[in-house]
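S.K.: give me the fold of what follows.
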Amino acid sequence: MTKTILAVALGLASVSTSAFAYDETLESKSGPLQAKTFADDLDKPWAMEFLPDGSVIVTEKGGTMRLVSASGEVGEPIAGVPEVASGGQGGLLDVALDPGFAENRRLFFTWSEPGEGGNSTAAASAKLSVDGTSLEGVTKIFTQMPKYDGNKHFGSRIVFDGEGHIFIGLGERSDQPIRNRAKDLDNHLGKVVRLNLDGSVPSDNPFVNQAGAMPEIWSYGHRNIQGGARDPASGEIWFSEHGPKGGDEVNRIEKGANYGWAEVSYGVNYDGTPVGTGKETAEGVTDPVHHWTPVIGASGMAFYDADLVPSWKGSTFHGGLATENLVRLEMKGNAVAGEERFDLGQRIRDVKQGPDGALYVLAEDIGEIIRIAPAGAATSG
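M.R.: This is a model prediction of the structure:
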């Protein structure tokens, strides 16, 4: 079967596929593409990251972390993962490699952490054992405060700036009235936090000396961040976040900036009522670089800089949970010049550029990693 990619902002109808062995031909502006199963038999995968040897570390929402070999074989659960508050949108979330992983084998991960008063997003570092079977020296470096008895909007994505800092994008926990605290600086709800790799607070964070403000905060006024990446050309940090009914956003993250939630939005509440003031922007609010209405359910995000598909260079790719699309945004500087949608008929939770230059996406419901590359290109592994 061939599915057509439409360069429009409207959602596309999904197409049924088999539970395993995904194998589709896609048409694109760059020529025919093959989307094919790289690994399967995963249970609600949430995030993935390539290791230097071509293997992939994957988190599963229920609380399991696994290694997938460079040839697509799924390993046994990795020991040492902390207890997660699994349920609703909670569970084991993002995973990312320390920039020095090749030397120190350190990785970072986030999860919904149970505790007094409810749960919240936490982050930890650990060393992956040489044989890949366990996490060693798990050290919690951050806990979102306050904890809240809910099961929605934990975020979260991890991005490194290459200068010794880790950025973590967080959710605002969704419910009324707690979501309105995303605009306040006395909490971590709906924030991007910036830490040193050991969890300490950098002295140049924007609110580090402000009374009543959480010193970890880098930016605020976010809703539910579920995509993030560093632009390899500029070094800038980008996050994408879910809007309500309309208004998914792609944001270039600026120091100390307010991104408006829950005072302004390009969407409306699920019952059709206005969000906050009912306006799309306001004085003092940093507008998104791009937004989607209807939403795509923006999830994993990646910048493309490989040679396999030269016309994709500089583009960003975004997983679509609601539309079951993979979305390419053609970037011109910090502006979007065009959009192309790949209709996979699957909820796409994460997307990464592989070492072979292909794109790899996590198909949540069928539990697969799907490789996307020009038809006829050599396979990974």
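S.K.: any low-confidence regions in the stretch 251-381 of the chain?
M.R.: Within the stretch 251-381 of the chain, the ranges that satisfy pLDDT under 70 run 378-381.
S.K.: please redo it, this time with the cut-off set to 90
M.R.: The model of the stretch 251-381 of the chain has pLDDT under 90 over residues 333-334, 376-381.
S.K.: hang on, isn't residue 182 packed against residue 176?
M.R.: No - counting by CB atoms under 8 Å, residue 182 does not reach residue 176; the two are 12.0 Å apart. Quick note: C-beta positions are derived from backbone N, CA and C, even for glycine.
S.K.: more crowded one of the two?
M.R.: residue 182 (27 against 8; other CB atoms under 10 Å).
S.K.: residue 173 touches residue 180, doesn't it?
M.R.: No - Residue 173 is beyond contact range of residue 180, at 10.6 Å (criterion: CB under 8 Å).
S.K.: tell me, how many residues neighbour residue 103?
M.R.: The number of residues near residue 103, taken as other CB under 10 Å, comes to 8.
S.K.: show me where this protein has helices.
M.R.: Remark: helices assigned in the chain by DSSP state H are 101-104.
S.K.: how confident was the prediction at the residue nearest the centre of it?
M.R.: Nearest to the mean C-alpha position of the chain, by CA atoms, centre = their mean, lies residue 227 at 2.7 Å. As summarised for this prediction, residue 227 has a pLDDT of 98.
S.K.: that one and residue 180, how far apart?
M.R.: In this view, residue 227 and residue 180 are 23 Å apart by CB to CB, to the nearest Å.
S.K.: next: residue 151.
M.R.: Counting by CB to CB, the gap from residue 151 to residue 180 is 19 Å.
S.K.: quick one: which of these two has more around it?
M.R.: With neighbours defined as other CB under 10 Å, residue 151 and residue 180 compare such that residue 151 has more, 19 against 15.
S.K.: tell me the contacts of that one?
M.R.: 85, 87, 88, 89, 90, 119 (CB atoms under 8 Å, 6 or more residues apart in numbering).
S.K.: what do you get if the cut-off is 6 Å, keeping everything else the same?
M.R.: 87, 88, 90 (CB atoms under 6 Å, 6 or more residues apart in numbering).
S.K.: out of the residues you listed, who's the most crowded?
M.R.: residue 90 (23 neighbours).
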